[in-house]
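Trainee: sharing a model prediction with you, sequence too.
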Amino acid sequence: MTAQETLIKYWGYNSFRKPQEEIINAVLSKKNVLALLPTGGGKSVCFQVPAMMTEGICLVITPLIALMKDQVEQLTKRGIKAAFIDSSLHKKEVEIIIENCISGRYKFLYISPERINTTLFINAVNHMHINLVAVDEAHCISQWGYDFRPSYLQIHKLWEVLSQEVTCIALTASATLKVRDDIIDKLQLKDVKIFSKSFSRSNLSYSCFNLDNKQEKLFEILNKVPGSSIVYVKTRAQTKEIAATLLKMKNSTEYYHGGLNHKERSLKQENWVKGNKRIMVATNAFGMGIDKPDVRTVIHYQLP
């Protein structure tokens, strides 16, 4: 199938957004790619479509469990075999997933960058037929990025253990020129094609407030604007506190942070995605790339 036929069959769209098709063609022609696209700009399609058109499995490296879970669910709904490995899985469960990847039962495998430091995974990689490596949230590789993850600095080690030469696509919605150079350098990417789309979004508005009473403003916004909302706070304790306050005000609210166990996180995410809870109060462990069409406000209660 062509790229457009693949898009129609699995995603139900008749055409690509700019510059998705150009990025896909570059990946298919075995060029390493750095794609700078805004949140909601369709970054995942840029690696998922070419991976579906090529024999083998796509390895996706992403820092957030919530985003892994969401993308795997989205792919599974489309009839595409996908799995993720995170810290909630027992060793035996991880081994079974890896065996299925080696035998070709999965088309996508999502992992955190920390997984690359494990002997089990590195030993398995060479037995997988990997057709593409996608590095999501690639700004995390940079100490100049806002969410530096040291394990991202180990990703380039994959090139040393893979028996075949594999194309890499790095994607981000936030990268200065310095961070862009850092991504290419730290991933040790050669012959890179860079695609950049304006981060300006005509359907979004931005407001900043200098307030004495932030809580009052929070209630005002949530009462005035219907639809789902995410409220970002800095600490785990604040997710609970602010969610409890919103609940007292009769707001349907959930909270989420990195300290919750896997079952709790999955349930809370599902409650919000399915609309059982309107408001999600979260730390940045929640991420901003979860597909949900009715989100109307994203509120940073503290500086992000």
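Mentor: Nice, I can see it.
Trainee: can you give me the strands for the stretch 201-304 of the chain?
Mentor: 228-232, 253-256, 279-282, 295-300 (DSSP state E, counting those that start in this stretch).
Trainee: return the most buried member of the ones you listed.
Mentor: Mean neighbours per residue, mean count of other Cβ atoms under 10 Å, is largest over these for strand 279-282, with a mean of 27. In this view, the C-beta of every residue, glycine as well, is placed from N, C-alpha and C.
Trainee: avg pLDDT for that one?
Mentor: Across strand 279-282, pLDDT averages out at 97.
Trainee: again with stretch 63-70
Mentor: 87.
Trainee: how far out from the middle of the chain is that stretch?
Mentor: Taking the mean of its C-alpha atoms, stretch 63-70 sits 6 Å from the chain's own mean (Cα atoms, centre = their mean, to the nearest Å).
Trainee: pull the number of nearby residues for G56.
Mentor: 15 (other Cβ atoms under 10 Å).
Trainee: repeat for the one 4 residues further on
Mentor: The number of residues packed around V60, counting by other Cβ under 10 Å, is 26.
Trainee: SS state for it?
Mentor: At V60, secondary structure determined by DSSP: H, G, I helix; E, B strand; the rest coil is strand.
Trainee: contacts only, for it.
Mentor: Shown in contact with V60 (Cβ atoms under 8 Å, 6 or more residues apart in numbering): F47, Q71, F108, L109, Y110, I111, A134, D136.
Trainee: I figured the second one hits R78, correct?
Mentor: No. The pair Q71 and R78 does not pass the contact test of Cβ atoms under 8 Å, sitting 10.9 Å apart.
Trainee: returning to what we had before: show me which pair in the contacts of V60 is furthest apart.
Mentor: Greatest spatial distance in the contacts of V60: F47 and I111, 14.2 Å, computed using Cβ to Cβ.
Trainee: okay, the two: which has more neighbours?
Mentor: F47 (27 against 20).
Trainee: which residues touch the more buried one?
Mentor: Residues in contact with F47, defined by Cβ under 8 Å, 6+ apart, are V27, C58, V60, L132, A134, I169, L171.
Trainee: want to throw those residues into JSON lines with distance to D294?
Mentor: Formatted as JSON lines, those follow (distance: Cβ to Cβ, whole Å):
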{"residue": "V27", "distance to D294": "32"}
{"residue": "C58", "distance to D294": "29"}
{"residue": "V60", "distance to D294": "26"}
{"residue": "L132", "distance to D294": "32"}
{"residue": "A134", "distance to D294": "27"}
{"residue": "I169", "distance to D294": "30"}
{"residue": "L171", "distance to D294": "25"}
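Trainee: quick one: which of the residues you listed has the most company?
Mentor: Neighbour max across the contacts of F47 (other Cβ under 10 Å) = I169, 30 neighbours.
Trainee: per-residue pLDDT, the closest residue to S198 other than its chain neighbours?
Mentor: Closest residue in space to S198, ignoring its immediate chain neighbours: P38 at 7.4 Å, by Cβ to Cβ, 6 or more residues apart in numbering. On the pLDDT scale, P38 is placed at 85.
Trainee: was I right about P38 contacting S202?
Mentor: No. P38 lies out of contact with S202 (Cβ under 8 Å); the separation is 11.1 Å.
Trainee: out of those two, which sits in the busier spot?
Mentor: Each of P38 and S202 has its neighbours counted (other Cβ under 10 Å); P38 has more, 15 against 5.
Trainee: state the phi and psi torsions of the more buried one.
Mentor: phi -70, psi 160 (degrees, to the nearest 10).
Trainee: contacts only, for the residue nearest the centre of the chain.
Mentor: In the chain, the residue lying closest to the centroid (Cα atoms, centre = their mean) is L67, at 4.5 Å. For L67, the contact set (Cβ under 8 Å, 6+ apart) comprises D136, E137, G287, G289, I290.
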